[in-house]
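K.L.:
Sequence plus the predicted model coming up.
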Amino acid sequence: MYRVAGWLSPWFGSICLLTLVTGLYLGLYVAPADYEQGDSYRIIFIHVPAAWMSMFVYVVMAVSSAIFLIWRLKIADMVAVASAPIGAAFTLVALLTGSFWGKPMWGTWWIWDARLTSELILLFLYLGYMALRGAMETPQGAARAAGILAVVGVVNIPIIHFSVEWWNTLHQPASITKFDKPSMHISMLKPLLIMVLSFQMLYFYNLMVRVRTVILEREARTSWVAELAGRRSS
Amino acid sequence: MTDQAPLLLEARGMTIWRGDNLLMDELNVSVRAGSIIQIQGTNGSGKTTLLRALIGLAEFDEGEIFWCGKPFFEVRDELYADVLYLGHKPGISPGLTPLENIQALCPELGVDCRDAVLAVLEELAIADRIDLPSAALSAGQKRRIALARLRLQRGRLWVLDEPLTSLDTNGYDWVREEIRHHVGLGGAVVFTTHQALSFEPLHVDSIVLGGELS
Amino acid sequence: MSAPAPASPPAPALTASRAEVGLFTLFARVYKRDLTLTVRTAGQWLNTLLFFIIVVSLFPLGIGPGPQTLSTIAPGIVWVSALLSMMLSLDSLFANDFRDGTLEQFVVSGQPLSVIVVAKVLAHWTTGGLPLVLLSPLLGLVMQLPDAAYGVLLLSLLIGTLALSFIGGIGAALIVSVNQGGVLLSLLVLPLTVPVLIFGSGAVTSAGLGLTTSMQVSVLAAILALSVSLAPLAMAGALRVGVAAGR
């Protein structure tokens, strides 16, 4: 596993870099400015992929936690533990960029928009997951308890999302749904999709690097890690 | 000795780390019907951890546990229905009376088990406490209440964590007699202890932890 | 020294496993046990109730006593305060049993742990949730809650606090082996309670405006049904982990 992850990571890394450069170029230079929003809309090339990934990573985390709880596959737990901070980072990026976007659009840094609120709650879920892991005394206990929490969380996310949407329509009948993009021009859509791909690769790249670290940490007492360390240092 | 006696609990390749301490490495334990196994060792050598790990109450790094030949996770409930575990914590809620505590831990006893409980508590010389709050009991008295379950609850395998701590000589003798009796009926006992105990004429298997390391 | 132990087949007394206990009997036993314990230590559930009252009465002090303002925010205030009180009291749901060793006995008892857990949660709700529900109209009165909203306030809190007990129970089970887990409990559980809060206070607000509330109440009931069916499994799993991880 360690070797596979090591072999895969440069591939993910380079695809990520490639798509990132293309996506940013197309998004920031080639795509035209928006009719209403001017250039400030361009932040969606960061915001939307980050928001999308924040959900995706949580699902990956929950699925691998479930695999770990059912089949006791240690590597699944390592994927979950490695994913949590990456997912939290994506969520934070989505929140910050959403806020930066909100300032020119709505004239305020924060608005209780349905999606932003959902992202905020998602961030709390990530933080709770990591806090629980940190609080448990034994590594096995931490893995299993956090796994249960991730699964409970993923069952809740659709419900939270639905309720926040409902709450939002109730309190803001004329809700600003600029995030909805029913008619997006192809020149804007293309860089957006490339950026989504790029963020995906960024996640996989980070995941591989972090999983390698986690494997080394967990297997620190085995002979192959000792050998590896010996070879590196000599 | 009695290799033909049915194998109840078996642990293979138990490896337990606590932090950077290797408590045990590839340890095998088999508990047969009619056997007594004592786990000895100094403080911090992992006696309690091993005892609890045998019935899934403690985490272990490597190893597998089998109950009557089947993997632990398939037969966990069958195992628990046949195990009587007395831990370091006696399981006595201070807010309840001894009778209520025993009823809570032995739901199969039925509502009118008072006489049965009273009889056992009389042997243990704490019958007069049966309806008083457990908060006022001393550590030794709490342990006696917990030990009463040895007589009241069924279970082929007894798993006892330091059953003799905070007991006086009478309590001590009572426990040894109970263990002898249980093993005579074909039960099995695993317990932890500081110093070796003898159950003449019965055979006792010992697992000594921590000795190899020092 | 090594006289062989009797290898005869196990005596009859030992072959029969423990007598079966009916699920309902087991439930009733644990429920009664927990109620007895709570009643004997009156402090705990009274504290929850007092906390509820005090938190609600802080809002007029912080915001100002204008009846118009209070009336608008009353549903939210009463609901948030009930939510916080529930979280505060859930901390002790499994903690005492963990400390004195009863919890590990439940885990190894061979009885279905999820039934035990449901009994404990319901006993906890009876002393920690139901009093909040019964007291809420009084606090509504203090907060100038519109007359039309009282029925829905009671109903939504009745369903809502039950759902909160089950959701919060998962958190309480997860942190059972953690020292000083109270704040962690809130961090874990509060995000999960958002839907209950939204639909609970939403229902009361709508009722106050004279609107229909059947949709919100049905969603609350659906959340309750979902948590009653799934939470016991999660709690039982979490308790097994906690007991194995704790000292």
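P.N.:
That came through, no problem.

K.L.:
In contact with A:Ser187, which residues are there?
P.N.:
Counting by CB atoms under 8 Å, 6 or more residues apart in numbering or on different chains, A:Ser187 touches A:26, A:30-32. C-beta here means a position set from N, CA and C on the backbone, and glycine is covered the same way.

K.L.:
Need the residues that contact the one helix or strand in chain A whose mean pLDDT sits lowest.
P.N.:
Lowest mean confidence among the helices and strands of chain A (mean pLDDT, DSSP states H and E): helix A:223-233, at a mean of 76. For helix A:223-233, the surrounding residues in contact (CB under 8 Å, 6+ apart) are A:216, A:219.

K.L.:
where does chain B dip in pLDDT?
P.N.:
In the predicted model of chain B, residues B:1-3, B:211-214 satisfy pLDDT under 70.

K.L.:
Could you point out the longest helix of it?
P.N.:
Counting by DSSP state H, the longest helix found in chain B is helix B:169-184.

K.L.:
Nearest spatial neighbour of the closest residue to chain B within chain A, chain-adjacent residues omitted?
P.N.:
At 3.9 Å from chain B, A:Gln140 is the closest residue in chain A, using CB to the nearest CB. Sequence neighbours aside, B:Glu59 is the residue nearest to A:Gln140 in space, at 3.9 Å (criterion: CB to CB, 6 or more residues apart in numbering or on different chains).

K.L.:
isn't the one you found right up against C:Gly242?
P.N.:
No. Look at B:Glu59 against C:Gly242 with CB atoms under 8 Å: they stay out of range, at 11.3 Å.

K.L.:
The two: which is more packed in?
P.N.:
Counted by other CB atoms under 10 Å in any protein chain shown, B:Glu59 and C:Gly242 do not tie: C:Gly242 has more neighbours, with 25 against 22.

K.L.:
Verify the assumption that the more buried one is located in a helix.
P.N.:
Yes. Residue state for C:Gly242 (DSSP: H, G, I helix; E, B strand; the rest coil) corresponds to a helix.

K.L.:
Run a quick neighbour tally on residue 194.
P.N.:
This is for chain A. By other CB under 10 Å, 22 other residues sit near A:Ile194.

K.L.:
should've been chain C
P.N.:
C:Val194 has 22 nearby residues by other CB under 10 Å.

K.L.:
what about it, distance to C:Gly200?
P.N.:
11 Å (CB to CB, to the nearest Å).

K.L.:
Okay, buried residues for the helix or strand hosting C:Leu162 please.
P.N.:
Here C:Leu162, judged by DSSP states H and E, is contained in helix C:150-174. By neighbour count with 16 or more other CB atoms under 10 Å in any protein chain shown, helix C:150-174 contains the buried residues C:150, C:152-174.

K.L.:
quick one, what contacts C:Leu220?
P.N.:
Contacts for C:Leu220 (CB under 8 Å, 6+ apart) come out as C:156, C:159-160, C:163, C:196, C:199-200, C:203.

K.L.:
what's the answer for A:Tyr58, then?
P.N.:
Each residue near A:Tyr58 by CB under 8 Å, 6+ apart is listed here: A:87, A:122, A:125-126, A:150, A:153-154, A:157.
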